[in-house]
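A.B. asks: I would like the atomic coordinates for the input below:
(one chain, ligands or ions: 1)
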Amino acid sequence: MYNLVYKSIANSLTTAQVDEILKESRDFNDKHDITGCLIYHDGFFVQYLEGDAEIVLALFEKIRVDIRHYEVILLSQGNIYSREFDTWSMAYLSDKLPNEAFQYIKLMVSPEFEIPDMSVIPNPTSKRFWLAAKNLLNKIGHDNFN
Ligand SMILES: Cc1cc2nc3c(=O)[nH]c(=O)nc-3n(C[C@H](O)[C@H](O)[C@H](O)COP(=O)(O)O)c2cc1C
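C.D. replies: This is a model prediction of the structure:
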């Protein structure tokens, strides 16, 4: 099992365009046993992908050249023992969530981009960051995560 985290800047997308990305992603990921989480905040994406290494890396090559975003930067990659998002073909967290719910994720994402030295706050390369994202998703419930 392999995982990969990257960040990128969205190319001014409408809600419909983001929904289309999610639909495409979930269709493909379902069929190829890929799971993960996509965070869309303040015009940037952070995505966590997990699955078979070859499939994850091939998918990342496709995602990397997708014109719907740019400045795709790989933050971390490596082998993992088990999945974090085993029940999500692609979980989604965005500003559309009730503010209080997203506040926590926002707090953790922002320093990574603005104050790289603030290592006290878990950033998207840490397991703690994605555990917090998962807790948030569990709190909101599956029906409501899009
Ligand atoms: C931010 C972002 C995240 C994406 N995540 C996935 C994903 O998890 N799975 C997927 O199949 N496609 C994802 N895509 C779409 C791919 O870039 C690509 O459009 C898709 O794999 C279809 O490529 P193809 O038409 O060459 O097969 C994502 C695109 C963007 C912009």
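A.B. asks: how about the residues of the protein near the ligand?
C.D. replies: Within the chain, the positions lying close to the ligand (CB under 6 Å from any ligand atom) are 21, 24-25, 28-29, 38, 45, 47, 59, 62-63, 66, 68-69, 90. All C-beta spots, glycine's among them, are computed from the backbone N, C-alpha and C.
A.B. asks: hey, which helix or strand in this structure has the poorest pLDDT?
C.D. replies: Sorting the helices and strands of the chain by mean pLDDT, DSSP states H and E puts helix 99-114 at the bottom, at a mean of 61.
A.B. asks: ok, now which ones touch residue 64?
C.D. replies: 6, 72 (CB atoms under 8 Å, 6 or more residues apart in numbering).
A.B. asks: the chain should start at 57 in everything you say after this.
C.D. replies: Got it, first residue is 57 now, which makes that one residue 120.
A.B. asks: in the lengthiest strand in the chain, what counts as buried?
C.D. replies: Longest strand in the chain by number of residues (criterion: DSSP state E): strand 125-135. Under the neighbour-count criterion of 16 or more other CB atoms under 10 Å, strand 125-135 has 125, 128, 133 buried.
A.B. asks: immediately after that strand, which helix or strand?
C.D. replies: Using DSSP states H and E, the helix or strand that follows strand 125-135 towards the C-terminus is strand 147-150.
A.B. asks: leaving out chain neighbours, which residue sits closest to residue 93?
C.D. replies: Leaving aside its sequence neighbours, residue 93 sits nearest to residue 147 (CB to CB, 6 or more residues apart in numbering; 4.2 Å).
A.B. asks: for the protein, what are the low-confidence residue spans?
C.D. replies: Within the chain, the stretches with pLDDT under 70 are 153-178, 197-202.
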